[in-house]
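A.B. asks: My questions concern the predicted model and sequence given below.
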Amino acid sequence: MIRLDIDTTLRAGARAFRLNARFASNSQRIVIYGASGAGKSQMLKAVAGLARPDAGYIELAGRVLFDSVNGIDVSPQRRNVGYLFQDYALFPHLNVRQNIAFGLRRGLFNPPRKVDGEAIAYWLDAFGLEAVARQVPDQLSGGQRQRVALARALIAEPAALLLDEPFAALDPALRVRMRAELDALQRRLDIPMLMITHDPEDAVAFGGHVLTMADGAIVEEAP
C-alpha cells in the first residue's frame with residue numbers, strides 16, 4: 001500500500017523539529033500511534049500533499065506521489081486520497097448536501113443548496129443523513145459531523161483514506177460507536193486506511209499494522 005521515507009525540518013522562531021520518518025507496509029489498515037507532538041499529523045499531511053518534505057519519497061497504492069531526487073510532487077488534488085481532518089473541517093455555511101458534494105468539486109465555487117446526484121444520494125443513505133441533509137454543521141451531533149466528513153472524503157472514490165485522530169473530538173460513549181461504524185465501513189468498502197492516533201484503543205481496534213512514532217521518527221513496529 002505505502003512506502004514512505006521523508007526528511008524535513010519544521011521551524012517556529014528559534015525552535016526546530018525534525019521529521020525523519022521511514023516505513024513500508026502492504027496492510028489495508030495502518031495505524032501510526034504516538035503522543036501529541038510526535039510528528040504524526042505532519043507526516044500524514046505529507047502523504048496528502050498538504051505539506052512538502054525537504055527530501056525523500058512517498059509511494060501510495062503503486063503511485064509515486066513525491067520523489068525529491070526526480071522532482072516529482074503530485075498536487076493534493078491529483079493524489080486521489082480521502083482526508084479526514086481531526087476537527088472534520090466542514091464548511092459552516094454549507095448544509096450537509098453541499099459539504100458532501102464539495103468532495104466532487106474542483107474549484108472555489110460552492111455547490112448549490114439543493115445539489116443532488118446519484119453519488120450524493122448514495123452517501124446520504126449510507127450514513128443515515130437524509131433527515132439532516134439541509135442542516136448546517138452547527139445543527140449536527142458529533143457523530144453526524146464525522147459521518148458528513150467521511151462521506152465528503154469517500155465520495156470521490158479515493159485510492160486510500162487518511163484519518164487524522166478521527167475520534168479525538170467525540171465523547172467516550174460516541175467514540176466506541178463510531179469506531180464500530182468505521183470498522184464496518186472500511187471492511188465493506190475494502191479501502192486502504194492510514195490512521196494516526198494517540199489513543200491505544202484505536203490501535204487495538206484498527207491496527208492491521210501498528211507503528212509507534214516518537215520525536216519525528218518511527219521507533220517501533222508491531223504486526
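C.D. replies: Perfect, I can see it now. Numbers count the residues shown, from 1 in each chain.
A.B. asks: and residue 121, what helix or strand is that in?
C.D. replies: Using DSSP states H and E, residue 121 falls within helix 118-126.
A.B. asks: tell me the angle the helix or strand just after that helix makes with helix 118-126.
C.D. replies: Next helix or strand after helix 118-126 toward the C-terminus (DSSP H and E): helix 142-154. Angle, helix 142-154 to helix 118-126, by axes from the mean of the first three to the mean of the last three CA atoms, to 10 degrees: 150 degrees.
A.B. asks: helices and strands around helix 142-154, which ones?
C.D. replies: strand 81-84, helix 96-101, helix 118-126, helix 172-189 (3 or more CB pairs under 8 Å, 6 or more residues apart in numbering; DSSP states H and E). Every residue, glycine included, has its C-beta placed from N, CA and C.
A.B. asks: Please work out which residues outside that helix touch it.
C.D. replies: Residues outside helix 142-154 that contact it (CB atoms under 8 Å, 6 or more residues apart in numbering): 82-85, 88-90, 96, 99-100, 102-103, 123-124, 126-129, 132, 137, 140, 161, 166, 169-171, 174, 177-178, 181-182, 185, 189, 191.
A.B. asks: pLDDT below threshold where in this structure?
C.D. replies: 106-109, 222-223 (pLDDT under 70).
A.B. asks: how about a cut-off of 80?
C.D. replies: Applying pLDDT under 80 to the chain flags the ranges 105-116, 169, 207, 221-223.
A.B. asks: Name the SS class of the nearest residue to residue 21 once chain neighbours are set aside, please.
C.D. replies: Sequence neighbours aside, residue 43 is the residue nearest to residue 21 in space, at 5.1 Å (criterion: CB to CB, 6 or more residues apart in numbering). Applying DSSP: H, G, I helix; E, B strand; the rest coil to residue 43 yields a three-state assignment of helix.
A.B. asks: Narrow the contacts of helix 142-154 to those that are buried.
C.D. replies: By neighbour count, with 16 or more other CB atoms under 10 Å, these hold 82-85, 88, 90, 96, 99-100, 102-103, 123-124, 127, 129, 132, 137, 140, 161, 166, 170, 178, 182, 185, 191 as buried.
A.B. asks: Enumerate every residue touching residue 206.
C.D. replies: Counting by CB under 8 Å, 6+ apart, residue 206 has contacts 29, 31, 179, 182, 183, 186, 193, 195.
A.B. asks: Pull the contacting residues for the fifth one.
C.D. replies: Residue 183 sits next to 205, 206 when contact means CB under 8 Å, 6+ apart.
A.B. asks: Would you quantify the distance from residue 213 to residue 203?
C.D. replies: 12 Å (CB to CB, to the nearest Å).
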